[in-house]
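Q: model this:
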Amino acid sequence: LPNPFIVQEPVIIVSDELVVEYDILTLASTTKDKSFKKIPAISGMHSSFCEKRGIFGLGDAYTDKLAYTWAEKQEKAKWPIVVYGNVMDVSACVGSLIQYGIASRRITIIIPSDDMPENCHPTMNECIIRTLRASGCILHRGHDIIDVTLSNYGTIESCTIKNTSESENIPVTIDCFSLLTCLSKHCDLDIFAAVNDCGIVYDGGIVVNKDFCTVDPSIYAVGDFSRYSRIYSKEPQHKSNNCYEMGLYVARTILTKHLNFPISISMIPENENVQLNTASVPRFYLPRTTIQYMPCDKFYFNSKLANSYEDTNVLISGDIKTDNLCALKLDSFGRVVEICFVGKTLIEHKNVSKFVGMHESFLNSALYSYEEGKIDDWIDWFRGEWSTALFHDKLSLMNSNIRSSLSTDKGTYTILDKVTDAIEKST
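A: Sure, this is the predicted structure:
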């Protein structure tokens with residue numbers, strides 16, 4: 001037995017054979033769907049046992065690939081695949097299955113609710129729904145899975161569904177040899193069990209302070225599964241922030257507070273807008289970007305800032321009947337806060353996401369050009385030669401120098417005073 005008077009080093013128990021000591025631990029896991037845990041027949045099974053039976057909670061790259069490979073190996077056309085979840089994640093899952101060569105007629109879609117994430121224009125949501133309807137899959141909207149049946153071989157063979165909008169609706173059993181769930185993503189179940197056992201607070205996510213540190217000063221958590229305490233409930237959720245930007249912030253915090261790092265931490269890039277070590281929570285300014293396959297050979301792209309904005313202006317090109325539909329969302333100051341795209345063109349998503357956060361004047365006077373009818377397709381517009389300057393590595397330095405020069409220019413203050421006086425007289 002261990003001596004209770006000897007202080008033991010903290011460890012991570014990876015398996016029965018592997019135990020790793022640590023000084024600082026950072027939890028940065030992906031999130032996974034665990035809606036299958038509410039299904040009575042498999043509620044007590046570990047996710048690894050469910051996967052051996054053809055039931056997968058999607059979310060991380062490993063599980064997603066495992067699920068698509070499982071479905072791909074079932075070559076018989078009569079072996080149906082059921083995808084259960086929300087509209088956006090189901091659309092991405094079906095698009096990926098089709099990319100793996102699986103015929104859409106084998107796929108049955110079950111959607112409990114038509115609720116969708118807030119896109120910058122209602123036409124986007126209508127386009128997504130229409131694409132799902134035209135996919136060739138069997139679609140059950142407003143239905144929920146109430147149970148599944150396992151065969152004598154231990155694999156899933158059917159699931160029972162019921163219409164959620166009709167209280168007296170009779171349950172229907174449908175064949176199902178693969179069940180892929182993507183209704184709601186949460187912290188990995190194993191990590192959830194581990195943090196609960198060691199006393200870390202979990203309240204819909206691992207609770208952290210402004211430095212992403214848990215109640216244990218040697219354990220940090222950052223990612224979609226972390227969240228601030230309820231006193232910061234009005235702050236954007238971590239799943240809305242840019243993961244790269246959050247990771248840099250946590251790395252700088254750990255190096256500053258805990259490690260005697262021999263090299264200057266200035267070697268780690270930093271977004272100049274992020275507030276470090278302040279009394280309030282940090283503000284992140286890089287956009288969160290999503291790119292995914294959709295049915296009908298389409299792609300979905302969305303890049304948006306985490307904060308919510310009022311008095312916005314949405315500039316849209318194309319419509320639901322065209323191959324490409326793209327919307328540019330501006331705040332009241334003319335800054336691009338979101339770009340959303342649904343279409344058959346595979347866009348340069350890394351380049352387009354860099355436009356989010358810029359003023360529309362940087363985009364070759366986007367608002368003026370749009371109002372003048374010069375823009376038929378935003379993606380074609382972004383591919384113009386003018387955009388080359390926006391990717392120059394010295395652009396941010398030039399902007400900073402201009403801002404610094406204007407801040408000390410007397411003429412600038414004279415103009416600002418005149419504008420202020422004009423505003424006060426008009427009000």
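Q: which parts of stretch 239-258 are buried?
A: 239-243, 245-246, 248-255 (16 or more other CB atoms under 10 Å). Placement of C-beta: from N, CA and C, glycine included.
Q: okay, now the unreliable bits of this structure?
A: Within the chain, the ranges that satisfy pLDDT under 70 run 1-8, 75-77, 167-168, 260-279, 427.
Q: what do you get if the cut-off is 80, keeping everything else the same?
A: 1-9, 13-16, 74-78, 114-121, 165-169, 196-198, 259-279, 407, 426-427 (pLDDT under 80).
Q: could you pull out the helices in it for me?
A: Per DSSP state H, the chain carries helices over the ranges 47-52, 61-73, 87-99, 122-133, 189-197, 243-257, 349-353, 366-371, 378-382, 395-407, 410-426.
Q: tell me which of these sits most buried.
A: helix 87-99 (a mean of 22; mean count of other CB atoms under 10 Å).
Q: how distant is that helix from the center of its chain?
A: Helix 87-99 sits 15 Å away from the centroid of its parent chain (CA atoms, centre = their mean, to the nearest Å).
Q: over to stretch 105-116?
A: Put simply, stretch 105-116 sits 20 Å off its chain's centre (CA atoms, centre = their mean).
Q: cool, stretch 170-189 as well?
A: Distance of stretch 170-189 from the chain centroid (CA atoms, centre = their mean) equals 20 Å.
Q: now swap in stretch 293-300 and tell me
A: Per CA atoms, centre = their mean, the centroid offset for stretch 293-300 relative to its chain is 17 Å.
Q: residues of that stretch that come out buried?
A: Neighbour counts over stretch 293-300 (16+ other CB under 10 Å) mark Y293, M294, P295, C296, K298, F299, Y300 as buried.
Q: got these as TSV, with distance to I42 columns?
A: Output for the buried residues of stretch 293-300, formatted as TSV (distance: CB to CB, whole Å):
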residue	distance to I42
Y293	28
M294	29
P295	28
C296	32
K298	33
F299	33
Y300	30
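Q: quick check, nearest of the residues you listed to H143?
A: Nearest to H143 among the buried residues of stretch 293-300: P295, at 18.9 Å, using CB to CB.
Q: spit out the contact partners of that closest one.
A: Taking CB atoms under 8 Å, 6 or more residues apart in numbering, we find P295 in contact with S91, V94, G95, I98, S104, T131, L132, A134, S135, G136, C137.
Q: any idea how far the fourth one lies from F49?
A: Meaning I98. As judged by CB to CB, to the nearest Å, I98 and F49 stand 28 Å apart.
Q: one step back: as CSV, the contacts of P295 with distance to C198 would be great.
A: Below are those laid out as CSV (distance: CB to CB, whole Å):
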residue, distance to C198
S91, 38
V94, 39
G95, 39
I98, 43
S104, 46
T131, 45
L132, 42
A134, 49
S135, 45
G136, 48
C137, 43
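Q: distance check, E385 against F225.
A: 43 Å.
Q: not counting sequence-adjacent ones, nearest residue to C137?
A: In this structure, C137 finds its nearest non-sequential neighbour in I107, 4.3 Å apart by CB to CB, 6 or more residues apart in numbering.
Q: and what of N125?
A: M116 (5.0 Å).
Q: which ones are touching the one you found?
A: The contact partners of M116, by CB under 8 Å, 6+ apart, come to N86, V87, M88, N125, I128.
Q: of the residues you listed, which pair is most distant in space?
A: Farthest-apart pair in the contacts of M116 is N86 and N125; separation 12.1 Å (CB to CB).
Q: contacts only, for Y300.
A: With contact taken as CB under 8 Å, 6+ apart, Y300 is in contact with M88, S91, A92, I128, T290, I291, Q292, Y293, M294, F341, V342.
Q: pick the one among those closest to L189.
A: Comparing these against L189 with CB to CB places A92 closest, at 21.9 Å.
Q: the closest one touches F299, doesn't it?
A: No. Using CB atoms under 8 Å, A92 makes no contact with F299, being 10.2 Å away.
Q: overlap in contacts of these two?
A: Residues touching both A92 and F299 by CB under 8 Å, 6+ apart: Q292, Y293.
Q: quick revisit: now the residue nearest to C137: how far from Y68?
A: I107 is 12 Å from Y68, where distance means CB to CB.
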